[in-house]
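Engineer: quick one, fold the following:
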Amino acid sequence: MLINKTTAKILQIFTGHITETYSIREIARILNMHVSLAHRSIKSLIENNIILLDKHKKLYLNYKSNHELLISSEYQRKENLLSNKKYKDLALFSEEVINKIEENNFILLLFGSIIESNKPRDIDILLIVDNNDKIEFHEKFLDNITSNYNLPFETRVISFESIQEMLVKRDEKNIMNEILNKHIILFGAELFYRLIKKWRL
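Structural biologist: Prediction:
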């Protein structure tokens, strides 16, 4: 499917809020665009099974398929944030972690107030590794890197096992259910979607 600028902006709302639902009017209001334009773009997303309709005719993301497109949208969201000059050091931090980590399967993301605020009180970083035994090492790893930056970092490391436990409890208030609707993926978007497809039933 070819994605134009309008459709890309709409898709970024849904990838940024994976489990939330919207009406066409709500999408148009968020993006400050005419309802008819939003309707045309959303129609193509529905026809391609990227956006689904619930029983109340509200729109939500089909996170279980079209992963290549969703991953592209996630990385565009990342670029939108890190291309901002005020986040230059955050972009450097992200690059340093990704280059120095000695792991093949990991996810690095931002969550919390930085996603929705121009003046976040802190910068929440989550590193997800594939084994509980690796958590302590990577907590120290992140501490060492964050100490080189004058930024209000709050870091946390969890494992795939913890993700699974949290995702199956889809109505419970936990960090993963929060992250689904408030995140920027710095690395590992493909793995992120693979895991939520597998464990969020």
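Engineer: without its sequence neighbours, what residue ends up closest to Val168?
Structural biologist: Leaving aside its chain neighbours, Val168 sits nearest to Trp199 (6.1 Å; criterion: Cβ to Cβ, 6 or more residues apart in numbering). From N, CA and C alone the C-beta is placed, and that goes for glycine too.
Engineer: do the same with Gly188
Structural biologist: The spatially closest residue to Gly188, leaving aside those adjacent along the chain, is Ile107, at 3.5 Å (Cβ to Cβ, 6+ apart).
Engineer: state the pLDDT value of the residue in the chain sticking out farthest from the centre.
Structural biologist: Residue distances from the centre of the chain (Cα atoms, centre = their mean) peak at Ser36, which lies 27.8 Å from the mean C-alpha position. Looking at Ser36, its pLDDT stands at 93.
Engineer: that's a strand at the residue nearest to Gly188, yeah?
Structural biologist: Yes. Counting by DSSP: H, G, I helix; E, B strand; the rest coil, Ile107 is part of a strand.
Engineer: am I right that the residue nearest to Val168 is in contact with Arg170?
Structural biologist: No. The criterion here is Cβ atoms under 8 Å, and Trp199 misses it with Arg170 at 9.7 Å.
Engineer: can you map out the strands along the protein?
Structural biologist: Along the chain, the segments classed as strands by DSSP state E run 51-53, 59-61, 106-111, 123-129, 153-159, 183-187.
Engineer: ok, which of those strands comes nearest Asn84?
Structural biologist: Between Asn84 and these, the shortest separation by Cβ to Cβ is 11.6 Å, and it involves strand 183-187.
Engineer: ok, longest helix in this protein?
Structural biologist: Counting by DSSP state H, the longest helix found in the chain is helix 67-82.
Engineer: contacts for that one next, please.
Structural biologist: Here helix 67-82 makes contact (Cβ atoms under 8 Å, 6 or more residues apart in numbering) with 1, 3, 8, 11-12, 15-16, 50, 61, 63, 87, 90-91, 94, 110, 184-186, 189-190, 192-194, 197.
Engineer: which ones are touching the residue nearest to Gly188?
Structural biologist: Counting by Cβ under 8 Å, 6+ apart, Ile107 touches 126-128, 185, 187-189, 191-192, 195.
Engineer: separation between the residue nearest to Val168 and His138?
Structural biologist: Look at Trp199 and His138: by Cβ to Cβ, to the nearest Å, they are 21 Å apart.
Engineer: of these two, which one has the most company?
Structural biologist: Shown here are Trp199 and His138; by other Cβ atoms under 10 Å, His138 has more neighbours (21 against 16).
Engineer: please read off the pLDDT at that one from the model.
Structural biologist: Among the per-residue scores, His138 holds a pLDDT of 98.
Engineer: which residue packs closest to it, ignoring adjacent ones?
Structural biologist: Nearest residue to His138, sequence neighbours excluded (Cβ to Cβ, 6+ apart): Val157, at 4.7 Å.
Engineer: so the one you found touches Val129, yeah?
Structural biologist: Yes. The pair Val157 and Val129 qualifies as a contact (Cβ under 8 Å) at a distance of 6.4 Å.
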